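>>> need a 3D model of the sequence below.
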Amino acid sequence: MGWLDKLGLKRKEKLEQGVEKSREGLLNKIGKSIAGKDRIDDETLDELEDALITSDVGVKTTVEIIRRLEGRVARDKFVTQNELQQIMREEITALLMENRPDQPAGFDAAFPHKPHVILIVGVNGVGKTTTIGKLAHLYKQAGKQVVLGAADTFRAAAVDQLTIWSERAGVPIIQQGQNADPAAVAYDTVSSAVSRGADVALIDTAGRLHNKKSLMEELGKIKRVMSKVTEEAPHEILLVLDASTGQNALLQARAFTEVVDVTGLVLTKLDGTAKGGIVIGISNELKVPVKFIGVGEQIEDLQVFDRADFVDALFGSRQKD
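Modelled structure (predicted):
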């Protein structure tokens, strides 16, 4: 059995452990909504709406889920808690599927470009550098050649932290120290990836959003110089968010998507929060797919986001009536 096969066997178990706090909170709220009731009526749906909103699913996404549930209730005439949970699983999974039905793809999946350039964005403190290190490790373990780029030259410790992660993952890093031109670092990173025949280049960026115009100009310059090395770079822009901040993560995501063409989301720190519902809300409201989730502190605890598996983990094991 290969490394990825072994990882796959542990993945679902780790996912269930990682969303345990969110699952307990959500199921407790749902249970209170329908306790002692033999049918699902408007009052019950109102209570379910409150349960979803207070689980950080968000108002807009909750309204959409309840609308779908109302249609199913009218058609299916179900009465049990288990049937309700099953229908909620199906409708939430369908909602997530509508963003990008062809996901997920494993770390060993082939890239359409070589090198495949991924720009990582997000504010400080969300786990951005750690995420890059974990991505580098997992891509390398899957047989990919990886190069890191330390283009967050604004924060004093950023380059040092990424250097430590490059050593842990055993991959090369391109850096020019603090206060270097981020675009120059990005250019050198992509050039190095090309010359090395690397499969993927992961490039860190400064984690600040206090001036959207400056952020847009900086990222725009980075994209322009990279495209001189390889066309269409960057091929992905991943926004890293801290799931434990709940609705604040949604606000950050909205702010970034206003100025950056984000192609995918990374939700970190799910294992330390009861606010896992934010994964559903952010993906639905922004129409940007969640690509990776962090469910622990270990280097292997960054997972490709599988929507059906996540919803199952959030609602727990299916029960028979």
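
>>> tell me how far G264 lies from L239.
With distances taken as C-beta to C-beta, to the nearest Å, G264 is found 7 Å from L239. C-beta here means a position set from N, CA and C on the backbone, and glycine is covered the same way.

>>> which residues of the protein score low on pLDDT?
Applying pLDDT under 70 to the chain flags residues 1-9, 35-39, 77-79, 81, 99-104, 209-211, 317-321.

>>> from the centroid of it, which residue is nearest?
Nearest to the centroid of the C-alpha atoms of the chain, with distances taken as C-alpha atoms, centre = their mean, sits V266, at 2.4 Å.

>>> any idea what that residue is bridged to?
Beta bridges link V266 to V240, F292, judged by DSSP bridges.

>>> grab the nearest non-local neighbour of D76.
I87 (7.0 Å; C-beta to C-beta, 6 or more residues apart in numbering).

>>> hang on, I meant D152
Residue nearest to D152 in three dimensions, not counting chain neighbours: A158, with 4.0 Å by C-beta to C-beta, 6+ apart.

>>> what is the neighbour count of the one you found?
For A158, the neighbour count with other C-beta atoms under 10 Å is 22.

>>> how about the contacts made by it?
Applying C-beta atoms under 8 Å, 6 or more residues apart in numbering, we find A158 in contact with 129, 150, 152, 178, 204, 206-207.

>>> contact partners for A198?
A198 sits next to 114-115, 145-147, 192 when contact means C-beta under 8 Å, 6+ apart.

>>> and if we set it to 6 Å?
Applying C-beta atoms under 6 Å, 6 or more residues apart in numbering, we find A198 in contact with 115, 145, 147.

>>> so is the last one in a helix, a strand, or just coil?
Right, the one you point to is V147. Secondary structure, DSSP: H, G, I helix; E, B strand; the rest coil: V147 is strand.

>>> isn't it right next to D199, touching?
No - in this structure V147 lies outside contact range of D199 using C-beta atoms under 6 Å: 9.1 Å.

>>> the two: who's more crowded?
A count of neighbours by other C-beta under 10 Å puts V147 above the other of V147 and D199, at 27 against 20.

>>> give me the subset of the contacts of A158 lying in strands.
Counting by DSSP state E, the part of the contacts of A158 found in strands is 150, 204.

>>> possible to save the contacts of A158 as TSV with distance to M97 and neighbour count?
Formatted as TSV, the contacts of A158 follow (distance: C-beta to C-beta, whole Å; neighbours: other C-beta atoms under 10 Å):
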residue	distance to M97	neighbour count
T129	31	25
A150	36	29
D152	34	27
Q178	43	15
D204	31	32
A206	34	21
G207	31	20
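
>>> out of the contacts of A158, which comes closest to D46?
The closest of the contacts of A158 to D46 turns out to be G207 (C-beta to C-beta; 39.8 Å).

>>> related to what we said a few turns ago, let me see the contact set for the residue nearest to the centre of the chain.
Per C-beta under 6 Å, 6+ apart, neighbours of V266: 131, 238, 240, 292.

>>> same question for F315.
85, 89 are the contacts of F315 under C-beta under 6 Å, 6+ apart.

>>> contacts only, for V259.
V259 makes contacts with 212, 215-216, as judged by C-beta under 6 Å, 6+ apart.

>>> all strands of the stretch 151-300 of the chain, in order?
With DSSP state E, counting those that start in this stretch as the criterion, the stretch 151-300 of the chain has strands at 173-174, 200-204, 236-242, 264-268, 290-294.

>>> packing partners for the last one?
Looking back up the chat, that one is strand 290-294. strand 264-268, strand 302-304 (3 or more C-beta pairs under 6 Å, 6 or more residues apart in numbering; DSSP states H and E).
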